[in-house]
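Novice: how does the following fold in three dimensions:
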Amino acid sequence: MGVSCCHSAASGMASAPYASVMESWAKKAGWETLLNRAGTTFKKLPDKDKDGITEAKAIKLMLAQPSMIKRPVLELARGKLLVGFKPEAYEEAFSQN
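Specialist: I've put the predicted structure just below:
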């Protein structure tokens, strides 16, 4: 099973192609899974930015501040998406042929 796509968040993701990637990831994994609420970047946001988060608002925040994306995000063949590191999930994903 190969990795079908890799994207780096290091340089920011605010351009249109990356917006479509974030939208795709949100549909596959759910924006709630992608948004790293435990990180300092999210915690430092003003309450007005943290309150009433919708999918659109979460995607906008993650595009503006890529450190708000829970990592790693691994997009596998056949559309499977792994978000965050869970050894058992990686073991299962890579043991399938």
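
Novice: hmm, L34 is touching G84, no?
Specialist: No - counting by Cβ atoms under 8 Å, L34 stays clear of G84, with 9.3 Å between them. C-beta here means a position set from N, CA and C on the backbone, and glycine is covered the same way.

Novice: give me the more crowded residue out of these two.
Specialist: Between L34 and G84, counted using other Cβ atoms under 10 Å, L34 has the larger neighbour count: 23 against 14.

Novice: quick one: contacts for the more buried one?
Specialist: Going by Cβ atoms under 8 Å, 6 or more residues apart in numbering, L34 touches 22, 25-26, 58, 62, 69-70, 73, 83.

Novice: now flag whichever of those residues is closest to Q96.
Specialist: Minimum distance to Q96 across the contacts of L34 is 17.9 Å, recorded for V83 (Cβ to Cβ).

Novice: okay, which residue is most central for this protein?
Specialist: L34 (3.8 Å; Cα atoms, centre = their mean).

Novice: what do L34 and G84 both touch?
Specialist: Shared contacts of L34 and G84, defined by Cβ under 8 Å, 6+ apart, are found at K70.

Novice: give me the distance between the closest residue to L81 other than its chain neighbours and T40.
Specialist: Using Cβ to Cβ, 6 or more residues apart in numbering and skipping residues adjacent in sequence, the residue nearest L81 is K28, 4.4 Å away. Shown here: K28 relative to T40, a distance of 26 Å by Cβ to Cβ, to the nearest Å.

Novice: who has more neighbours, these two?
Specialist: When neighbours are counted by other Cβ under 10 Å, K28 and T40 differ, and K28 comes out ahead with 15 against 8.

Novice: torsion angles phi and psi at the more buried one?
Specialist: With angles defined as degrees, to the nearest 10, K28 sits at phi -80, psi -40.
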